[in-house]
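Trainee: Coordinates only, no sequence provided:
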């Protein structure tokens, strides 16, 4: 996580402060409208920054002679606030924000989690952590009591799985890569059962785009999907990560020379295996080499541009980022960096440097011999070394594994902090419409229900355009949803109190265990009671119908008979935990069918 954080940065925020003079504009450069906070930090620098829109604050991690410290700044006043303690707060994901405490000799000494009300649900006790994905966060312990262990916690901070793990990766599409101290690599499902048992493969790459590369004992590579199925046979001598739906693979030819091409997620060869090298796709294009020629390929394998390896160094140092190619050359023994467009044309004046970072929302950092320089995609020098004393790229999305960040940039000049909205970011000019939910993570079968629930203020998204459909739902959330459906104002502390009290008074629920995960038969029962307990003696035709608890039999019968429950993989699964997608769909079907 600590390594990922350094490459996940670009910055943030909206604050009511006066603008001051900004650096002079170069030809083609967009205006950087810098605004300044009403706080100074003296001889400190900003190590990390985060914009937490739910709280309306900037969270800043600082470093000075005395070590690391945290400053949280209220967006309305531009002044420091102590409302959220001394925690560095990351943006929310799935209704939870990671928090960290600064250490004397390390930036973040320990991690915990906070909910959207500002309540700390788990104090900083873990050495490292990830945001919540699919309802679970991967955490890492490092103490004399627990030893070195990785594992998972639920959204209430409860440990869910620890088995002497050396590695626990975040869940993606219901699957998570783990590595145990004794048994090797494996893949878990969301009930912590094995999708891929330890020992089947001697190495598994993290999932990307729903696919993970694997290697067998014969040192051959293939790939599995998020169900653990081997979708690409282990027949390749090398394999990269899946990007843009394509995977770079390598095979040895008759002369034992490794050649490269691309396959899709099913293993079908899309681009022939004939190149000397092949990079990962980015934005629909990839770099391959053939002798002294480097080609820019599109996803069908067509060449859209070329450049020469004799003129530009090609290898690990070259990449495609936001339709631009970083390229190095040497003149009079001096290393220089430049940008090429996708045709291979040089578009940026060369800068003396051996290091240039990838683009983040239209800006790229060049570590020049004269100092740090920021360039845009046209090669214009947007920020010169003397314009600011420091620039911090800060988190603006709680999905720290997502590379779509960079809307805002935090700056420091003469001890005074400020920010500017990145004018090169596509997101910076895109208007938001909070009253029109557009969730990016819901499957088609529950999309209409999720939108209905959000538009009618029955359920909210979990941040960054996400609904988190695979996260389980609590009994308190169901009580709150039904109370809101009846017009009850559910604001209050704790968040479920008003909904719980209404449900008890309306005899919809007993109000017990509000923070416990709700089951499918419990949802059926609450809905049945909500609609005045209609009679129904039609027994559903499911193989596990006899597992329904006696109190829920009529309710489940009624829900199945009216299409509110359609089964889960061919089963009723009455005692199974209900996900947000399932709960939203069941409530949506009931309300739209029976409410006047």
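Mentor: Received it, and whenever you're ready, just let me know what you need. Note that the coordinates shown come from a computational prediction; the quantities given were computed from them, not determined experimentally.
Trainee: For residue 333, give its distance to residue 243.
Mentor: Counting by Cβ to Cβ, to the nearest Å, the gap from residue 333 to residue 243 is 36 Å. In short, each C-beta sits where N, CA and C put it, glycine included.
Trainee: Buried residues, the longest helix seen in the chain. List them.
Mentor: Longest helix in the chain, counting residues (DSSP state H): helix 580-594. In terms of neighbour count (16 or more other Cβ atoms under 10 Å), helix 580-594 has its buried residues at 580, 581, 582, 583, 584, 585, 586, 587, 588, 589, 590, 591.
Trainee: What of stretch 124-133?
Mentor: The neighbour-count check on stretch 124-133 (16+ other Cβ under 10 Å) flags 124, 126, 127, 128, 129, 130, 131, 132, 133 as buried.
Trainee: Pretty sure residue 239 sits against residue 247.
Mentor: Yes - the pair residue 239 / residue 247 is scored as a contact, 6.2 Å apart, by Cβ atoms under 8 Å.
Trainee: Find residues that contact each of these two.
Mentor: Contact criterion Cβ atoms under 8 Å, 6 or more residues apart in numbering; residues bridging residue 239 and residue 247 by contacting each: 213, 223, 232.
Trainee: What's the first helix or strand after the helix or strand harbouring the first one?
Mentor: Just to be clear, that refers to residue 213. Taking DSSP states H and E as the criterion, residue 213 maps to strand 211-215. Later in the chain than strand 211-215, the nearest helix or strand by DSSP H and E is strand 221-225.
Trainee: helix or strand right after that following strand?
Mentor: Sequence order places strand 230-236 as the next helix or strand after strand 221-225, per DSSP H and E.
Trainee: buried stuff in that next one?
Mentor: Buried, per 16+ other Cβ under 10 Å, within strand 230-236: 230, 232, 234, 236.
Trainee: Residue 333 and residue 243: who's more crowded?
Mentor: Per other Cβ atoms under 10 Å, whichever of residue 333 and residue 243 has more neighbours is residue 243, with 18 against 5.
Trainee: my read: the more buried one touches residue 279, true?
Mentor: No - with contacts counted by Cβ under 8 Å, residue 243 stays clear of residue 279, the gap being 9.6 Å.
Trainee: Pull the number of nearby residues for residue 555.
Mentor: Here the count is done by other Cβ under 10 Å, and residue 555 has 27 residues near it.
Trainee: Show the pLDDT at it.
Mentor: Note on residue 555: pLDDT of 93.
Trainee: Quick check: it touching residue 524?
Mentor: Yes - using Cβ under 8 Å, residue 555 is in contact with residue 524, at 4.5 Å.
Trainee: about what we covered before: now do the longest helix of the chain: distance to the chain's middle.
Mentor: Distance, stretch centre to chain centre, for helix 580-594: 27 Å (Cα atoms, centre = their mean, to the nearest Å).
Trainee: and residue 141, that one's in a strand?
Mentor: Yes - the assignment for residue 141 by DSSP: H, G, I helix; E, B strand; the rest coil puts it in a strand.
Trainee: Just list whatever residues bridge to it.
Mentor: residue 149 (DSSP bridges).
Trainee: i'd like the first residue to be 651 from this point on
Mentor: With 651 as the first residue, the last one maps to residue 791.
Trainee: With adjacent residues omitted, what lies nearest to residue 1134?
Mentor: Spatial nearest neighbour of residue 1134, chain neighbours left out: residue 1108 (5.2 Å); criterion: Cβ to Cβ, 6 or more residues apart in numbering.
Trainee: Next secondary structure element downstream of the longest strand along the chain?
Mentor: Secondary structure of the chain per DSSP state E: the longest strand is strand 809-818. Next helix or strand after strand 809-818 toward the C-terminus (DSSP H and E): strand 826-830.
Trainee: any idea how far the residue nearest to residue 1034 when sequence neighbours are not counted is from residue 1062?
Mentor: Distances taken as Cβ to Cβ, 6+ apart put residue 1023 closest to residue 1034, at 6.4 Å, once the chain neighbours are dropped. In this structure, residue 1023 lies at 17 Å from residue 1062, with Cβ to Cβ as the measure.
Trainee: Next: residue 862.
Mentor: For residue 862, the distance to residue 1062 - Cβ to Cβ - is 40 Å.
Trainee: In terms of neighbours, single out the busier of those two.
Mentor: Taking other Cβ under 10 Å, residue 862 and residue 1062 do not tie; residue 862 has more neighbours (27 against 19).
Trainee: isn't that one right up against residue 873?
Mentor: Yes - Residue 862 is in contact with residue 873 according to Cβ under 8 Å; the separation is 6.4 Å.
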